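Enquirer: Quick one: sequence and predicted model below, then my questions.
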Amino acid sequence: MIAAGPLKGLRVVEFAGIGPAPFCAMLMADLGADVVRIDRPGVAYDKFAVEYRGRRSVVLDLKTDQGRDAALAMIGAADILLEGFRPGVMERLGLGPEPALARNPRLAYGRMTGWGQTGPLAQQAGHDINYIALSGALHAIGPADRPAIPLNLVGDFGGGAMLMAFGLLAAVLHARETGKGQVVDTAMSDGAASLMGMLYGHLQRGTWTDKRDANIIDGGSHFYNVYRCADGQWIALGSIEPQFYAALLKTAGIEDPDFDPAAQHDQSRWPQLKEKLASVIAARTRAEWDAAFAGADVCYAPVLSMTDAPEHPHNAARAAFIELGGVTQPGPVPKFSQTPGAVQHAPDEPASDLDDILRDWSAA
């Protein structure tokens, strides 16, 4: 069954990989695209591989003429090709942009790499941590004494997968207007730099310090920070605007004149005020702060673990998490009023028959 989301009718050929390319394919499948993944022989299907959900798959040996010809047949009927290999791999397989676009001139040919298809580092190995290091993002995140590692969210999934999905859909729109396909070269290092665009602007303006733990939103301020409670749990405060800062002081019962609202942005006071606010927060449990801040415009949230997050009433009310095959995982996003997304295939669904897929696509 093909989903009826806003991308219904979009046909995507995905060459199996890891990390951001599968996540990009998942985003499109969640919103109704008919994504077919080409797996290598001997693949093992895993119900816990959330990023592989939502699409059918076929097994092809791309090192054989038969496998390559089958892949080209799928490419000929697709709107999008998505691959995440090092530069040159698809060319060596005989499936690079030249033969693919010759077969299908309207194709959006998506290429996901860490460093991009060109440049001095194009062939160098790397992972998310390396790509965001080059962009300036890693330097900006963490306490003053060392950078913090933001999982692989900034490069792989933010700067990579999400920008790849945006780029591919833009290329499809262009192809529908002009009949001309193109290559979409997505480098995670480029994407991570793009995500830092606002902060680079602040840096040039002089409203951002090129140091960690020294700015409003990087842990430098007392009013945009995380604090430990009496029970060892943590809370997050983001009371930047004056009305939210005033609400924080009132709701927390802070009457200390050092917390003068008129001096909220006096950076020389921040270290002392962080210590004082930490003492205030440490006097109560997280549950007590949940109750105290409920309904107050403080910009507050408890810092939930991955185990606890799916059970929070707000997440539950929005169906932010779903269960698929006994595996709890985030649901499709964003939410659409007329064409909601849905997960149509589990990650461990057996491979499909190639002839069935080609028959579906030829009839579409």
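Expert: Now that the structure is in, tell me what you want to look at. Numbering: from 1, shown residues only.
Enquirer: Give the buried residues for the helix ranked longest in the chain.
Expert: For the chain, the helix with the greatest residue count under DSSP state H is helix 163-178. For helix 163-178, the buried set under the neighbour-count rule, 16 or more other C-beta atoms under 10 Å, comprises 163-165, 167-169, 171-172, 175. Glycine gets a C-beta too; all of them are placed from N, C-alpha and C.
Enquirer: Counting by contacts, list what that helix packs against.
Expert: Packing contacts for helix 163-178, counted by 3 or more C-beta pairs under 8 Å, 6 or more residues apart in numbering; DSSP states H and E, involve helix 20-30, strand 80-83, strand 108-113, strand 182-187.
Enquirer: between that helix and strand 182-187, how many degrees?
Expert: For helix 163-178 against strand 182-187, the angle by axes from the mean of the first three to the mean of the last three C-alpha atoms, to 10 degrees is 170 degrees.
Enquirer: Centre of the chain to helix 163-178, how far?
Expert: 19 Å (C-alpha atoms, centre = their mean, to the nearest Å).
Enquirer: As PDB, could you dump the C-alpha coordinates of it?
Expert: Taking C-alpha atoms only, helix 163-178 is exported to PDB below (Å, rounded to 0.1, in the frame of the first residue of the first chain):
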ATOM      1  CA  LEU A 163      18.900  19.800   3.400                       C
ATOM      2  CA  MET A 164      19.200  16.900   0.900                       C
ATOM      3  CA  ALA A 165      15.400  16.400   1.100                       C
ATOM      4  CA  PHE A 166      14.800  20.100   0.600                       C
ATOM      5  CA  GLY A 167      17.200  20.200  -2.400                       C
ATOM      6  CA  LEU A 168      15.800  17.100  -4.000                       C
ATOM      7  CA  LEU A 169      12.200  18.400  -3.800                       C
ATOM      8  CA  ALA A 170      13.400  21.700  -5.300                       C
ATOM      9  CA  ALA A 171      15.100  19.800  -8.100                       C
ATOM     10  CA  VAL A 172      11.900  17.900  -8.800                       C
ATOM     11  CA  LEU A 173       9.900  21.200  -9.000                       C
ATOM     12  CA  HIS A 174      12.500  22.500 -11.500                       C
ATOM     13  CA  ALA A 175      12.300  19.300 -13.600                       C
ATOM     14  CA  ARG A 176       8.500  19.500 -13.700                       C
ATOM     15  CA  GLU A 177       8.800  23.100 -15.000                       C
ATOM     16  CA  THR A 178      11.600  22.600 -17.500                       C
END
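Enquirer: Tell me the one of the buried residues of helix 163-178 nearest residue 262?
Expert: Closest approach to residue 262 among the buried residues of helix 163-178 (C-beta to C-beta): residue 163, at 41.2 Å.
Enquirer: residue ranges for the helices of the chain, please.
Expert: 20-30, 65-77, 89-92, 97-103, 128-135, 137-140, 163-178, 188-195, 197-205, 242-251, 270-281, 286-293, 313-317, 354-363.
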